Each structure stands twice: as C-alpha cells, then as structure tokens.
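Enquirer: Can you look at this prediction? I've put the sequence above it.
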Amino acid sequence: MEDNINVKNFYENSNEDEREDRESLEFCRSKKIITRYLTHNAMDIADVGGATGAYSFWLADMGHTVHLLDLVQNHIDIAKRKSQEKGLILASCLCADARELPYDHQCMDMVLLMGALYHLHSSESRIRCLTEAFRVLKLGGMILCTVMNRYNVIIAPLKYKLFDDFSRKYIEDALNTGIHEKANFYAHTPNEVISELSTVGFHSIQLFAVEGIANALGDNQIPTDEREASRLLWSLELTESIPELIGVSRNIMAVGRKPLM
C-alpha cells in the first residue's frame, strides 16, 4: 500500500477550516449536489477523509447520523473541539486510513469521499479505497466522491498566471499521468473516475461539474452580490452534466449506487 506520510505532513501544518471560506463555490455546489441524495432525515453517513468536519457538522445539524474519519490526527482533534463548541455530536470521530475503514459491512446509507481519492496516486490504492466504501454501504446505498479534474492542470496556470512556477514539462507530465508531484495529488479524467467506480461494482454513475464553467471565469468564490450569485449558481446547475463541459471544472463529483442485490 502506498505511503501517505507526505499527505499527513502537509495537512498537519495546514488550516482546513479556512478552505471552506477560501473556496466557497466548491462547498456551496457540493452541498447542493449532496442534498439531492439525502433520501430521508436520519441517514447513516460516513464522511471519509472529511478533514475537520465541514460536511459532517452540516449533515449532523440536519439530523443525520454522521461518522467522520480522517487520516490526520490534528483534523480529528479540531473536529472534536468543534463538536463541543457547536453542540453537535458526531456518531464517531476517528483517525484512520480510507483504505481500511473501521466500519461493519453494509452499515452506511451514504459514503462521502470528498478528498481522499486525489491523495492516492496509484490505481491500486484508489480501487482499494472505493472497495472499502462499497463494502460498508447498505444495498442501494450511495457513494458521492469528489476528484480533481485532470484538465485543470492547463486551466489553472493560464488563469492564475503560473506558467513561471510550473515548467511546460511538468504540465505535460501531469496532463499525461494525472500526478502532480509538487502539490502531491492525483487528478482524474472524467472517464477514469467512471471506470474506477464501475470496476468496484457501482452502477447508475453520474458526473457533475462542481465549479463548472466558473472555473475558467473567476476565483472559485461565490459573488457577494446576491443577483450575480443566483445567476452563477443557476448557470452551473444548468450545465453541470454536459459531457463536453465537465472537463473545464476544477472538481468533478461522481455519484454511484450499490446494487440492491
């Protein structure tokens, strides 16, 4: 199993709480998509790789039974403090690896993988992670996972004027392999994430562009003007599943179902 010490070291020294504000469009759009699959008011949900619990506490506040798991102990410690501050109790809050989930077979209605997959460089590790999610899901349960879009490796340097920071060779290699060595993450093509979910046994797979066309236009923030924000969110929802446009998004959310039998 590939070593993940670099991931631990990176996140032990980062503030994930700030990311929700810094990338408000991603979180807003992700929550809107997740909401469509909340089929009843008391679902058993595993938030795997859930950092300090941005999605966990949001779901717990709606009455769902939420299990937060993350690789980084610092994230879990922060989540436990937040639980006390918010008065929101999570069903469990554990430091563990997404490839070895400490949950029983068929115990979850939904599994969220909102970041774990893009820290696993090898196909073997990603398949193992997805296999574990499949194992703990109840029959008919849903997986919702976010992956980084492979083609953003060429969009981001253009948008943020980073060509001086990344050599053309680096960009070409990342585009061909999906591996971003400097940032230590893996980026999927849309077809690749469908293939990996299918390999594990998920069906009825759908892809949604999270930031969509806004990724090429702005800074991944929701506009402060309410009318502009409404227009943007409507436009993204309208175009979120158009195959020709999914590849322009910074993040892609994949949704799959475990068969009923």
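Expert: On my side now, so go ahead.

Enquirer: Run through the helices of the stretch 101-250 of the chain in chain order.
Expert: In order along the chain, the stretch 101-250 of the chain carries the following helices (DSSP state H, counting those that start in this stretch): 123-136, 152-160, 168-177, 190-200, 226-239, 243-246.

Enquirer: which of the ones you listed is buried the deepest?
Expert: Per residue and on average, the most neighbours among these fall to helix 123-136, with a mean of 21 (mean count of other Cβ atoms under 10 Å). For glycine as for every other residue, the C-beta is placed from the backbone atoms N, C-alpha and C.

Enquirer: what's that helix packed up against?
Expert: In terms of contacts (3 or more Cβ pairs under 8 Å, 6 or more residues apart in numbering; DSSP states H and E), helix 123-136 is packed against strand 44-48, strand 108-113, strand 137-149, helix 190-200.

Enquirer: Leu139 against Leu260, yeah?
Expert: Yes - counting by Cβ atoms under 8 Å, Leu139 touches Leu260, with 5.0 Å between them.

Enquirer: rewinding a little: in JSON lines, list the helices of the stretch 101-250 of the chain along with mean pLDDT and distance to Ala96.
Expert: Below are these laid out as JSON lines (pLDDT from 0 to 100; distance: least, Cβ to Cβ, whole Å):
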{"stretch": "helix 123-136", "mean pLDDT": "98", "distance to Ala96": "10"}
{"stretch": "helix 152-160", "mean pLDDT": "88", "distance to Ala96": "29"}
{"stretch": "helix 168-177", "mean pLDDT": "91", "distance to Ala96": "28"}
{"stretch": "helix 190-200", "mean pLDDT": "98", "distance to Ala96": "19"}
{"stretch": "helix 226-239", "mean pLDDT": "97", "distance to Ala96": "34"}
{"stretch": "helix 243-246", "mean pLDDT": "95", "distance to Ala96": "31"}
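
Enquirer: Ok, which of these comes nearest Arg36?
Expert: helix 226-239 (10.5 Å; Cβ to Cβ).

Enquirer: Give me the residues contacting the closest one.
Expert: 25, 28-29, 32, 209, 211-214, 222-223, 245 (Cβ atoms under 8 Å, 6 or more residues apart in numbering).

Enquirer: Next step: those residues restricted to strands.
Expert: Among those, DSSP state E puts Ala209 in strands.
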